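*Asks:* my questions are about this predicted structure, shown below with the sequence.
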Amino acid sequence: MIKRTRMSKAHILVVDDEEDILELARYNLAKEGYQVTCASSGEKAIQKVQKNKPDLVVLDLMLPGMDGFNVCKVLKNNSNTADIPIVMLTAKGEESDIVTGLELGAEDYITKPFSPKVLIARIRTVLRRQKRGEPETTAKLNVFSIELDPVRFEVKADHQPVELTATEFHILHYLMQHPGWVFTRAQIIDAVKGTDYPVTDRSVDVQIVGLRKKLGSAGRFIKTVRGVGYRFSE
């Protein structure tokens, strides 16, 4: 991939089989200064990633041939492309579809129809988070039956390794740093994504669902405080 100067914008690959969606995304992202490449199928997306590795992929789930889930799986299972953040752009708004995408390693999701301003804001935030690399604090945490190493980006639950997406990892890290404290969804968003992140409370709920599932029995330590938010406690 071409080395960019500090002021240059990132390279975004947009994958969608609808020409009007591709054009809408391309126009608005290019207007913001991003370098934009488009692909109309999963197979073409894989080829373009291999030819010129992008900084981020905006990926539709419902694609002809290889669907978005499989594209995500291929990219995340390849050591050369696993670090590329993926933002799902999809008409499939069911919680199960969203959780599946996040579990495969996608960083975020946006449902159609979408606002170009929201798309740009989400992309900007994901890229900014990617540049940070790791959580601000580097001390290892061992709370209840969960171990978290922010330097190695590793989590173990009941001594078993757990694979988390970056967002899931940072949510867990934030909660584990303050066991017993109750946090609203807005506070979690601010801590994990930044105060300007345009996301709904439901998005946090979806992340928590995926996180609990991956932690297995240790997921019980993430408590729902009805009408408020979440806390990490026995």
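*Replies:* Right, received. Where do you want to start? Numbers count the residues shown, from 1 in each chain.
*Asks:* just give me the neighbour total for the nearest residue to Leu104 once chain neighbours are set aside.
*Replies:* Using CB to CB, 6 or more residues apart in numbering and skipping residues adjacent in sequence, the residue nearest Leu104 is Cys72, 4.5 Å away. The C-beta positions use only the backbone N, C-alpha and C, and glycine is treated the same way. Neighbours of Cys72 under the rule other CB atoms under 10 Å: 23.
*Asks:* tell me how far whichever strand or helix holds Cys72 lies from the chain's centre.
*Replies:* Taking DSSP states H and E as the criterion, Cys72 maps to helix 68-76. Averaging C-alpha positions (CA atoms, centre = their mean, to the nearest Å) puts helix 68-76 13 Å from its chain's average.
*Asks:* check which helices and strands it sits against.
*Replies:* Judged by 3 or more CB pairs under 8 Å, 6 or more residues apart in numbering; DSSP states H and E, helix 68-76 is in contact with helix 42-51, strand 56-60, strand 86-90, helix 95-103.
*Asks:* hmm, back to that, isn't the residue nearest to Leu104 up against Ala106?
*Replies:* Yes: taking contacts as CB atoms under 8 Å, Cys72 lies within contact range of Ala106: 5.8 Å.
*Asks:* and the angle from the lengthiest helix in the chain to strand 86-90?
*Replies:* Counting residues, the longest helix found in the chain (DSSP state H) is helix 116-132. Counting by axes from the mean of the first three to the mean of the last three CA atoms, to 10 degrees, helix 116-132 lies at 160 degrees to strand 86-90.
*Asks:* for whichever helix or strand comes after helix 116-132, buried residues please.
*Replies:* Sequence order places strand 141-143 as the next helix or strand after helix 116-132, per DSSP H and E. Within strand 141-143, the residues that count as buried by 16 or more other CB atoms under 10 Å are Leu141.
*Asks:* can you give the distance of strand 141-143 from its chain's centre?
*Replies:* 24 Å.
*Asks:* swap in stretch 62-75?
*Replies:* On CA atoms, centre = their mean, the centre of stretch 62-75 falls 16 Å from that of its chain.
*Asks:* how close does the residue lying closest to Met88 once chain neighbours are set aside sit to Val206?
*Replies:* Nearest residue to Met88 in three dimensions, chain neighbours excluded: Tyr109, at 4.0 Å (CB to CB, 6+ apart). In this view, Tyr109 and Val206 are 8 Å apart by CB to CB, to the nearest Å.
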